[in-house]
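Peer 1: quick one, structure for this:
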Amino acid sequence: MKKPVQKILFLLVVFFLNSVAISAKAELGAIKEISAPEVKSMLEAGQVVVIHVLSKTEYEMQHIPGSMNIPIIDMKATNALPLNKNTPLVFYCMGKR
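Peer 2: Alright, predicted model coming up:
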């Protein structure tokens with residue numbers, strides 16, 4: 001994947017994190033806002049699991065390298081999430097859809 005596409009995808013992650021974090025912060029108190037470069041370096045260091053929540057088809061069309069695909073409709077039934085509950089997770093999609 002070319003660098004400009006990666007930058008756009010990471011910007012989408014930041015947009016998604018900001019929009020979700022603002023509403024979830026009051027409820028959970030444990031949401032931490034992080035920047036796209038922070039997500040990138042954490043992913044490269046193996047410190048975070050990045051999850052693409054759209055369909056398999058959309059994941060195959062375009063996704064952040066190193067991310068895994070767990071469609072949102074399968075989230076409750078999946079065994080793919082890390083067993084260690086302290087593992088930081090970043091969920092992303094391609095917009096507010």
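
Peer 1: residue boundaries of the helices in this protein?
Peer 2: Counting by DSSP state H, residue ranges of the helices within the chain are 3-28, 36-44, 56-61.

Peer 1: weakest of those in terms of mean pLDDT?
Peer 2: With a mean of 56, helix 3-28 has the lowest mean pLDDT of the helices of the chain.

Peer 1: Lys56 versus Cys93, what's the distance?
Peer 2: 13 Å (C-beta to C-beta, to the nearest Å). In short, each C-beta sits where N, CA and C put it, glycine included.

Peer 1: what's the answer for Lys32, then?
Peer 2: In terms of C-beta to C-beta, Lys32 sits 29 Å off from Lys56.

Peer 1: same check, this time on Ser67
Peer 2: 13 Å.

Peer 1: those two: which is more packed in?
Peer 2: Ser67 (20 against 12; other C-beta atoms under 10 Å).

Peer 1: now that one, nearest residue through space, not along the chain?
Peer 2: Of all residues not flanking Ser67 in the chain, Val50 sits nearest, at 4.0 Å (C-beta to C-beta, 6 or more residues apart in numbering).

Peer 1: next, count neighbours for the one you found.
Peer 2: The number of residues near Val50, taken as other C-beta under 10 Å, comes to 22.

Peer 1: for it, what are its contacts?
Peer 2: Contacts for Val50 (C-beta atoms under 8 Å, 6 or more residues apart in numbering) come out as Val13, Val39, Leu43, Ile64, Gly66, Ser67, Met68, Leu89, Val90, Tyr92.

Peer 1: contact partners for the fifth one?
Peer 2: Translated: Gly66. Leu43, Glu44, Val50.
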